[in-house]
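Novice: give me a model of this one.
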Amino acid sequence: MKKIFISVIAMLLLLLLACSQNTKTETATPTESGKTEATAYKFTTEIPAAISIPDKVETRLGTLNFKDGFPDDSTVQKIYDNLDFQRGVQALLTAMPAASLVAQRTALRKFGPDNQTVIIFETLMDSRSLFLTANTESIYAVAWLNLKDGPVVVESPANTLGLIDDFWFHYVADAGLAGPDKGKGGKFLFLPPDYKGTIPKGYFAFKSNTYNNLFGTRGFVVNGDPKPGVDNIEKNLRIYPLAQAANPPKTNFFNVSGKSFNTIHSMDFSFFEEVNQVVQEEPNEAMDPETLGLLASIGIEKGKPFAPDERMKKILTEAAVVGNATARANAYRSRLTESFFYPNSAWGTPFVGGSYLFERNGVRLLDARSYMFFYATGITPAMSIQKVGAGSAYAAAFVDADKKPFDGSRTYQLHLPPDIPARQFWSLVLYDNQTRSMLQTDQQFPSIGSQKKDIVINSDKSVDIFFGPKSPAGKETNWVQTIPGKGWNVILRLYGPSQPWFDKTWKPGEIVEMK
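Specialist: Just a heads-up that it's a prediction; the model follows:
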């Protein structure tokens, strides 16, 4: 009897196994809510809608089609076109510092070879030279340092304000007043990234992450005369290879005041060609892998030719246009509330958080960095240090009191309240919205400031400044010319800013259109 019971149980188990094997497996079907319901699988799970995609999706790219999650051919093409376009735009916004320095090197090499050529503005810079937001008060001297053949020496003069940035526009060193020589002058030695030799004594030595580097310094006008500052630089600034230190070659100076030449980077397809120069010439270790990966994704990769096909060139050409537009919106209509000095004011700065690295709490401030390198040039910690009486303070305005862009055909007034907080001097310089270089008009210098001998100061020590195509009657000495049909913006510079600037007890007026 026991054997018969065991046999019956065994037969039942076999029948159950056969039935389970013959059971038809049903496909899980999506419900109207988007969830996929498990139906008749032996192993099933309810699938959340958030991890799947419908068969048809309407997006800014158009209709995207999928078959059970797999994109069709037209969708794949749209997605990759969009991905390449997005990366092109981001590459422009991210790699702008590199393109900027390629443009500067291109300009500098027209005057002579690296490591021995210095351009200098002996009678200051005017609007004919295209530079990003340069001023009309400093004596600029600029040179290109090339460390490919070994270390280079820079003998920096006393009483100057200099900086050295690498080819990615990363800070390397300060020289002069903000440098280790503390404005007394000294010998600086710049070492290439692969340098393994000993460092000789008697130098302020700095190792750059790139072979190519920008050197720029500023001298100062004395009682309105640039000659003493120019003489100081031309007599004492020397640049030469360390290997020739025993018998240094001559440093050649070229006076470029009043000369027409361009140092501003491209904002069309050729932008990517400019950036490619930096990638090809410099070690990958000089830039972070994320940025190099972004550039590689659009065909800019070290050791490989940048040769986009017709499709990719078309995409990058459009990406440059949109990137250009984005950079302009980002600067001229900034949505960074922290970049403005005062509530409901046009006066602002790209140095959000006071960081020359554009970082805050370990977070990169992407829009602030793009704003800075679209609008200006040169990077050093000294630019963001807030110290009473030291350095300079900058405030830019792109719109008037009604938040309208400045129109060169209209006349405006700016009131600067009494006791302008600048221990040395202050100035206002106008810039072209297209080039971000000085506004070109009938005036050689599109600027005005406390150094202007005939400027009218009000009895209470306030100052009224006028901008327009023609001067209001009797205001000629306090007027800066603009051009009908041409947009402009302005930077207020305070040299040696005093405490009222920092605690905001003094603030410039808004620029008001005169009706």
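
Novice: all helices for this structure, in order.
Specialist: Counting by DSSP state H, the chain has helices at residues 2-22, 73-109, 227-236, 270-281, 289-296, 310-332, 366-375, 499-502.

Novice: buried set for the last one?
Specialist: Within helix 499-502, the residues scored as buried using 16 or more other CB atoms under 10 Å are residue 501. To be clear about C-beta, it is placed using only N, CA and C from the backbone, and glycine gets the same treatment.

Novice: any idea of the mean pLDDT for that helix?
Specialist: Mean per-residue pLDDT for helix 499-502: 96.

Novice: next: the longest one.
Specialist: Computed over helix 73-109, the mean pLDDT rounds to 98.

Novice: by how many degrees do that helix and helix 310-332 diverge?
Specialist: Counting by axes from the mean of the first three to the mean of the last three CA atoms, to 10 degrees, helix 73-109 lies at 60 degrees to helix 310-332.

Novice: report the angle between helix 73-109 and helix 289-296.
Specialist: When the same axes, to 10 degrees is applied, the directions of helix 73-109 and helix 289-296 differ by 100 degrees.

Novice: got the buried residues for helix 73-109?
Specialist: Buried-residue list, helix 73-109, by 16+ other CB under 10 Å: 75, 78, 81, 84-85, 87-108.

Novice: want to throw the helices of the chain into TSV with distance to residue 152?
Specialist: Listed next are the helices of the chain as TSV, based on distance: least, CB to CB, whole Å:
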stretch	distance to residue 152
helix 2-22	81
helix 73-109	15
helix 227-236	17
helix 270-281	16
helix 289-296	26
helix 310-332	33
helix 366-375	25
helix 499-502	38
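
Novice: ok, now which ones touch the closest residue to residue 458 other than its chain neighbours?
Specialist: Nearest in space to residue 458, with sequence neighbours left out and distances taken as CB to CB, 6 or more residues apart in numbering, is residue 464 at 6.8 Å. Contacts for residue 464 (CB atoms under 8 Å, 6 or more residues apart in numbering) come out as 413, 414, 415, 416, 456, 458, 475, 478.

Novice: over to residue 273?
Specialist: Contacts for residue 273 (CB under 8 Å, 6+ apart) come out as 266, 306.

Novice: can you give me the pLDDT of it?
Specialist: With respect to pLDDT, residue 273 scores 98.

Novice: now do it against residue 102, distance only.
Specialist: According to CB to CB, to the nearest Å, residue 273 stands 9 Å off from residue 102.

Novice: swap in residue 45?
Specialist: Distance from residue 45 to residue 102, by CB to CB: 55 Å.

Novice: again with residue 177
Specialist: 28 Å.

Novice: contacting residues around the residue nearest in space to the middle of the chain?
Specialist: Centroid-nearest residue in the chain: residue 373, 2.0 Å away (criterion: CA atoms, centre = their mean). Contacts for residue 373 were tallied using CB under 8 Å, 6+ apart; they are 96, 97, 100, 169.

Novice: likewise for residue 484?
Specialist: Contacts of residue 484 (CB under 8 Å, 6+ apart): 408, 409, 469.

Novice: switch the cut-off to 10 Å
Specialist: For residue 484, the residues meeting the contact criterion (CB atoms under 10 Å, 6 or more residues apart in numbering) are 407, 408, 409, 410, 468, 469.

Novice: surely the fifth one and residue 486 touch.
Specialist: No - at 12.0 Å, residue 468 does not count as touching residue 486 under the criterion of CB atoms under 10 Å.

Novice: one step back: need the residues touching each of residue 273 and residue 102.
Specialist: By CB under 10 Å, 6+ apart, the residues touching both residue 273 and residue 102 are residue 266.

Novice: which one of the contacts of residue 484 sits in the busiest neighbourhood?
Specialist: In terms of neighbours by other CB atoms under 10 Å, the contacts of residue 484 top out with residue 468 at 22 neighbours.

Novice: now the nearest residue to that residue once chain neighbours are set aside: how far from residue 478?
Specialist: Distances taken as CB to CB, 6+ apart place residue 411 nearest to residue 468, at 3.2 Å, with adjacent residues excluded. Distance of residue 411 to residue 478, computed by CB to CB: 12 Å.

Novice: what residues are shared contacts of these two?
Specialist: Both residue 411 and residue 478 are contacted by 466, 471, 472, under the criterion CB under 10 Å, 6+ apart.

Novice: are any of those residues buried, and which?
Specialist: Buried, going by 16+ other CB under 10 Å: 466, 471, out of the shared contacts of residue 411 and residue 478.

Novice: let me know the closest of the shared contacts of residue 411 and residue 478 to residue 219.
Specialist: Nearest to residue 219 out of the shared contacts of residue 411 and residue 478 is residue 466 (CB to CB; 30.6 Å).

Novice: identify the bridge partners of that closest one.
Specialist: Going by DSSP bridges, residue 466 is paired in beta bridges with residue 413, residue 479.

Novice: what does residue 141 give?
Specialist: Here residue 141, judged by DSSP bridges, has bridge partners residue 120, residue 217.

Novice: show me the contacts for it.
Specialist: By CB under 10 Å, 6+ apart, residue 141 lies in contact with 118-122, 157, 160, 162, 215-219, 229-230, 233-234, 237, 253, 256.

Novice: can you map out the strands along the stretch 101-250 of the chain?
Specialist: Ranges of strands in the stretch 101-250 of the chain, per DSSP state E, counting those that start in this stretch, are 117-120, 129-130, 139-146, 152-156, 161-166, 171-176, 186-191, 204-207, 212-219, 238-241.

Novice: residues in contact with residue 476?
Specialist: Neighbours of residue 476 in contact, by CB under 10 Å, 6+ apart: 454, 456, 466, 470.

Novice: same question, residue 450
Specialist: Here residue 450 is in contact with 137, 416, 420, 422, 424, 425, 426, 427, 457, 463, 494, 495 (CB under 10 Å, 6+ apart).
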